[in-house]
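J.: compute the structure for the input listed below.
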Amino acid sequence: MSPVQGWKFWPDRPKGPVDEAYVQLRFVRPYGPGPLRWLIAIAGAAVTSFTAFAALLLVYTSSNVVDLLVSGVLGLAVVIVVGTLTARFGMAGVWVNDAGVRAVTVLRTRTWAWRQVADVRLAASGTTGRRALLLVLSDGSDVTLPLVEHGLDFLCRAEAFDIATTAVERWWRGSTRG
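T.: Okay, here's the model as predicted:
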C-alpha cells in the first residue's frame, strides 16, 4: 500500500546528498526576514482580518439587495488589496537561484539572469550613505537591489546584512554564466 500523497507547500528535495549536479530551480531568499518585517506583516494580516470581519458585518446587516451587493463587493475589494499588499510586503527582498537573481518589492518584481550580471558589489545608497547591494549589468547599467543596510530585515541584526550580501555574491560567483 503506497503512502497518501497530500498537498504540500513546496516539493520535497531529492533524497540523498546534494552533489554538484543538483540545480536549485526554486527561488530562495538567502537571508531570513527580520523581526520588524514579521511584526508589520502580522499587523497587516490583522488589519486584513478585521476588514474581512467588518465587511461580513456589513453584508449581514444589509437591508436590501443593492446594499448587500455594494458592501460585499467593496469589502471583498478592500480585503483583496490589503491582503495582497501584506503578502507582497512579507515577500519583499532579494531572492536567488542557480539561474538568476530576483528583486521583489511591494509593487514590482524584477528578475535578471546571472549571465546578465557583470558584478555584484556594495555601494552607498543615495544621500543616506547606507550601504546597499548593487548589481552591475553587462550593458553597464547599475541596479540597486532592495538589500539595504539598516533595512527592515537587518535593523536588529547588523551582521546579517554582511552575511546576506556575501551569500548573494557567492550565488553569482558559483552560477553557471554561460
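J.: V143 is in what secondary structure piece?
T.: strand 142-148 (DSSP states H and E).
J.: in its sheet, what does that strand sit against?
T.: Strand 142-148 sits in its sheet next to strand 130-137 (antiparallel), going by DSSP bridges.
J.: contact partners of the strand it pairs with?
T.: Around strand 130-137, the neighbours that count as contacts under Cβ atoms under 8 Å, 6 or more residues apart in numbering are 94, 101, 112, 116-125, 142-145, 147-150, 161, 164-165, 168. (Each C-beta comes from the backbone N, C-alpha and C, glycine too.)
J.: which of the residues you listed are buried?
T.: Neighbour counting by 16 or more other Cβ atoms under 10 Å classes 94, 101, 112, 117, 120, 125, 145, 147-149, 161, 164-165, 168 among the contacts of strand 130-137 as buried.
J.: of the residues you listed, which belong to helices?
T.: The members of the buried ones among the contacts of strand 130-137 that map onto helices under DSSP state H are 161, 164-165, 168.
J.: which residue packs closest to the residue most central in space within the chain, ignoring adjacent ones?
T.: When Cα atoms, centre = their mean is applied to the chain, the residue found nearest the centroid is M91 (2.4 Å). Spatial nearest neighbour of M91, excluding adjacent residues (Cβ to Cβ, 6 or more residues apart in numbering): V104 at 5.4 Å.
J.: ok now do that neighbour, which residues does it touch?
T.: 88, 91-95, 146.
J.: export those residues to JSON lines and tack on pLDDT?
T.: As requested, the contacts of V104 are arranged in JSON lines below (pLDDT from 0 to 100):
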{"residue": "R88", "pLDDT": "90"}
{"residue": "M91", "pLDDT": "89"}
{"residue": "A92", "pLDDT": "90"}
{"residue": "G93", "pLDDT": "89"}
{"residue": "V94", "pLDDT": "92"}
{"residue": "W95", "pLDDT": "92"}
{"residue": "P146", "pLDDT": "87"}
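J.: which among those end up buried?
T.: 88, 91-95, 146.
J.: what about T61, neighbour count?
T.: By the other Cβ atoms under 10 Å criterion, the neighbourhood of T61 contains 10 residues.
J.: so the closest residue to S62 other than its chain neighbours, which of the three states?
T.: Closest residue to S62 apart from its sequence neighbours, by Cβ to Cβ, 6+ apart: L68 at 3.9 Å. With DSSP: H, G, I helix; E, B strand; the rest coil as the basis, L68 sits in helix.
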